[in-house]
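Novice: output the structure for:
(one chain, ligands or ions: 1)
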Amino acid sequence: MSKNVKTQTPQSGIGPRRGNMFAETEYAKDIGWTLKRIGLYFVKEKKLIFGMLAAVLGGTLAGIYAPMLQSNAVDIIAGQRSGDLQTTIVFMLATYLMISLLRMAQGVFSAKLSLRIVRQFREELFGKVIDLPVKYTDTHSHGDVMSRMTNDVENISTTVSQALPSLFSGVLTIIGTAAIMLWLCWQLALLSCGTIFLTVIVTRLLSSFVRKYSKERQTLLGSMNGTVEEIVNGYRTVVAYNQQDKSAERFCDVSDKLTKAGIRTEVCSGVMGPVMNCIGNIGFVVIAAFGGYFAIHGMISVGVISAFIVYAKQFSRPINEIAQIYGQLQSAIAGAERVFQVLDETSEDLYGLVWEDQERVSVRFEDVEFGYVKGKPVLKNFNLTIPAGKKVALVGSTGSGKSTVVNLLMRYYDADKGAIWINDQNVEEITRDSLRKHVGIVLQDTVLFSDSIHHNLQYANENATAEEIKKAAEMSRCHEMIELLPQGYETLLTGAGENISQGQRQLLAIARAFVANPRILILDEATSNVDTRTEKAIQDAMQEVMKGRTSIVIAHRLSTIRDADLIVVLDQGRIVEQGNHDELLARKQKYYDLYMTQYAGFAT
Ligand SMILES: Nc1ncnc2c1ncn2[C@@H]1O[C@H](COP(=O)(O)OP(=O)(O)OP(=O)(O)O)[C@@H](O)[C@H]1O
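Specialist: Prediction:
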């Protein structure tokens, strides 16, 4: 082990960035398991759950008791019971008032609970997304990830705030009402229970369809978001090739499928309520008829019938609600499964050694083999040494593997075989964080943020002073351009840099890399969008900046890498030639051909 590294273990805290409590759990697609897993998020909100359940319990019990008071009042009025009517009515009023207050408390508790649970999901999911390997983002549409973060999490939230209290109060109401009905008149109670049997069968049947369709609907929503994102991001290209109609066709196709899946889901879950209502009403008619018969024959009092009428309604209401909630729950479970799929993805590992700064850094690729797809290697038997402080240029035709070399050095991907060494340290043993801290990279596709130019440049090193930022901007030849802007360094970049030109964006990206002051600098087609004069000026500045540092430059314009200490020519993932510009030209092989193709007729 190098003496410049020290062991770093992952943080043990529960902060969102450091994985999740189920990281090692195998993902299972069953409702019980998913519910249990959702339940674990509730454990952290014990106080709120207790408060909410207490309010639901109080409200439900009072709701079950209130019709008894009503029954007593009716019996007192009908002369079938002795008692004080005024006291009974005051009790009734107090009970209904208490029910209202408890329902309000329940609403407050459940809203808080739902929002806090959503926060847990959202933060854990975001923490996961920023820790996902590059491979994941390369293979999943951004829209799909967005959909999981917003729609699915929102779906879980709605269910938590509405379904949980309704479910708890519903179950309590059913049990309490059934008990009291049995106590009042078991014959009428049994008739009521007949409706439950019918309800359960219909619920199970309809809910299996709801679950299937809502999962399909959420997958399609993700796919539609992905399509929209692709079209909006690539709008200029869409318009340039007059592909608006085709894009609209593609969108409409997904939108159409989404509508159909949505209709199927809504029909199945929407039908549930009315069907349950119908069953409840039939039960109500049966009870009214039989109750009348029993009262006529003196088996029960008129007050009991009045209470039974309320209980019968009270009994069927939660059954309807539970039937609807069941549909909602199915959809939330489908959403939760999709969220858990992301949470269960393997994060970029956080274990390893912290690579500490060293002034001179050499890089060595040793027998490296790598492929993005299994069995299809892009780099084969790749051996390359980049001496400390030297500038190495990678050239070769499109798809020859130049960016892949950089991807491996940055540990966006890890080699399938062989090893990459930084000085005497295998990069796979170093934490990615500490490795990337010392490597600056500028890509062709510049990413800037909707923030001031100053903050965009400071992004690479939050401790950089205004003076250091200005110096970096001067070296990358963008200081003057920035000064000409109305607010100078405080100018806000809108739409991540759409208010400046592509070349200017590239200059800012180079300045940002200079601010980072890295030991290794990688420029992947970093100056492809600036004019040749500016490019030359930047290169001169870079000579100065990179003195004693190691740099890797990828450039199609070969004139820009003529001064490199080593030029490496790649072809189909293999190094076919290496040397300096003059040596390679003299050899008259691949590099010579590439150079002549670009500059035939010009002096070398
Ligand atoms: N994320 C990816 N998933 C699958 N294959 C990929 C991925 N990135 C690159 N490839 C493939 O790997 C091969 C090498 O690509 P690479 O980007 O390294 O080439 P390059 O020499 O940098 O090309 P260019 O000059 O066009 O940038 C190509 O065949 C490419 O299709």
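Novice: any part of stretch 437-447 near the ligand?
Specialist: No: Stretch 437-447 lies out of reach of the ligand by C-beta under 6 Å from any ligand atom, never closer than 7.9 Å. C-betas here are computed from N, CA, C, even on glycine.
Novice: and that stretch, how far apart are its ends?
Specialist: 18 Å (C-alpha to C-alpha, to the nearest Å).
Novice: buried residues of it, list them for me.
Specialist: Going by neighbour count (16 or more other C-beta atoms under 10 Å), the buried part of stretch 437-447 is Lys437, His438, Val439, Gly440, Ile441, Val442, Leu443, Gln444, Thr446.
Novice: for that stretch, what is the distance to the chain centroid?
Specialist: 24 Å (C-alpha atoms, centre = their mean, to the nearest Å).
Novice: quick one, phi/psi of Leu485?
Specialist: phi -70, psi 150 (degrees, to the nearest 10).
Novice: could you do Lys547 as well?
Specialist: When read as degrees, to the nearest 10, the backbone of Lys547 gives phi -50, psi 120.
Novice: mind listing what it touches?
Specialist: Going by C-beta atoms under 8 Å, 6 or more residues apart in numbering, Lys547 touches Gly389.
Novice: distance of it from Glu359?
Specialist: Lys547 sits 12 Å away from Glu359, going by C-beta to C-beta, to the nearest Å.
Novice: ditto for Ile552
Specialist: Taking C-beta to C-beta, one finds Ile552 at 18 Å from Glu359.
Novice: who has more neighbours out of these two?
Specialist: Using other C-beta atoms under 10 Å as the criterion, Ile552 and Glu359 rank with Ile552 on top: 25 against 9.
Novice: let me see the ranges of the helices in the stretch 501-604 of the chain.
Specialist: 502-516, 532-545, 581-587, 590-599 (DSSP state H, counting those that start in this stretch).
Novice: out of those, which comes closest to the ligand?
Specialist: helix 590-599 (11.8 Å; C-beta to the nearest ligand atom).
Novice: now that closest one, how far from the chain's geometric center?
Specialist: The answer for helix 590-599 is 46 Å, by C-alpha atoms, centre = their mean.
Novice: hmm, back to that, and the helices of the stretch 501-604 of the chain, which one averages the lowest pLDDT?
Specialist: Of all those, the minimum mean pLDDT falls on helix 532-545 (a mean of 70).
Novice: pick out the residue of the stretch 101-250 of the chain closest to the ligand.
Specialist: Asp138 (4.4 Å).
Novice: which residue sits closest to that residue, ignoring its sequence neighbours?
Specialist: Distance criterion C-beta to C-beta, 6 or more residues apart in numbering; nearest residue to Asp138, sequence neighbours excluded, is Tyr372 at 7.9 Å.
Novice: next one: phi and psi at the one you found?
Specialist: When read as degrees, to the nearest 10, the backbone of Tyr372 gives phi -70, psi -30.
Novice: ok, Thr446 next?
Specialist: Per-residue torsions, Thr446: phi -80, psi 130 (degrees, to the nearest 10).
Novice: please apply the same query to Leu384.
Specialist: Per-residue torsions, Leu384: phi -150, psi 130 (degrees, to the nearest 10).
Novice: okay, and which of the buried residues of stretch 437-447 map to strands?
Specialist: If you go by DSSP state E, those have Val439, Gly440, Ile441, Val442 in strands.
Novice: so who does the last one touch?
Specialist: So that's Val442. Listed by C-beta under 8 Å, 6+ apart, the contact partners of Val442 are Gln506, Ala509, Ile510, Arg512, Ala513, Leu521, Ile522, Leu523, Asp524, Ala526.
Novice: same question, the second one
Specialist: Contacts of Gly440 were listed using C-beta under 8 Å, 6+ apart, and they are Ala460, Ala513, Phe514, Ala516, Asn517, Pro518, Ile520, Leu521, Ile522.
Novice: following the lengthiest helix in the chain, which helix or strand comes up?
Specialist: The residue-count maximum for a helix in the chain (DSSP state H) belongs to helix 244-296. Note on helix 244-296: by DSSP states H and E, the next helix or strand toward the C-terminus is helix 302-343.
Novice: average pLDDT for whichever strand or helix holds Asp138?
Specialist: Using DSSP H and E, the element containing Asp138 is helix 134-139. For helix 134-139, mean pLDDT rounds to 80.
Novice: whichever helix or strand comes after it packs against which elements?
Specialist: Toward the C-terminus, helix 134-139 is succeeded by helix 142-147 as the next helix or strand (DSSP H and E). Counting by 3 or more C-beta pairs under 8 Å, 6 or more residues apart in numbering; DSSP states H and E, the packing neighbours recorded for helix 142-147 are helix 186-233.
Novice: now do the helix it packs on, average pLDDT.
Specialist: What helix 186-233 shows for mean pLDDT is 80.
Novice: got the residues of this structure near the ligand?
Specialist: So the chain meets the ligand at Asp138, Tyr372, Val378, Gly396, Thr398, Gly399, Ser400, Gly401, Lys402, Ser403, Thr404 (C-beta under 6 Å from any ligand atom).
Novice: so which of these are in strands?
Specialist: Gly396.
Novice: which pair in the residues of the chain next to the ligand spans the largest distance?
Specialist: Asp138 and Gly396 (21.5 Å; C-beta to C-beta).
Novice: looking at those two now, which is surrounded by more residues?
Specialist: Using other C-beta under 10 Å, the more surrounded residue of Asp138 and Gly396 is Gly396, with 23 against 11.
Novice: report the contact partners of the more buried one.
Specialist: Counting by C-beta under 8 Å, 6+ apart, Gly396 has contacts Lys402, Val569, Leu570, Asp571, Leu594.
Novice: nearest residue to it other than its sequence neighbours?
Specialist: Leu570 (3.5 Å).
Novice: pop the domain breakdown of this structure in here.
Specialist: 31-343, 355-599 (automatic domain parsing).
Novice: for Asp349, which of these is the nearest?
Specialist: domain 355-599 (8.0 Å).
Novice: off-centre distance for that closest one?
Specialist: Distance, centroid of domain 355-599 to centroid of chain: 30 Å (C-alpha atoms, centre = their mean).
Novice: show the contacting residues for the residue most central in space within the chain.
Specialist: Nearest residue to the geometric centre of the chain (C-alpha atoms, centre = their mean): Met149, 3.8 Å. By C-beta under 8 Å, 6+ apart, the contact set of Met149 is Arg122, Leu125, Phe126, Val129.
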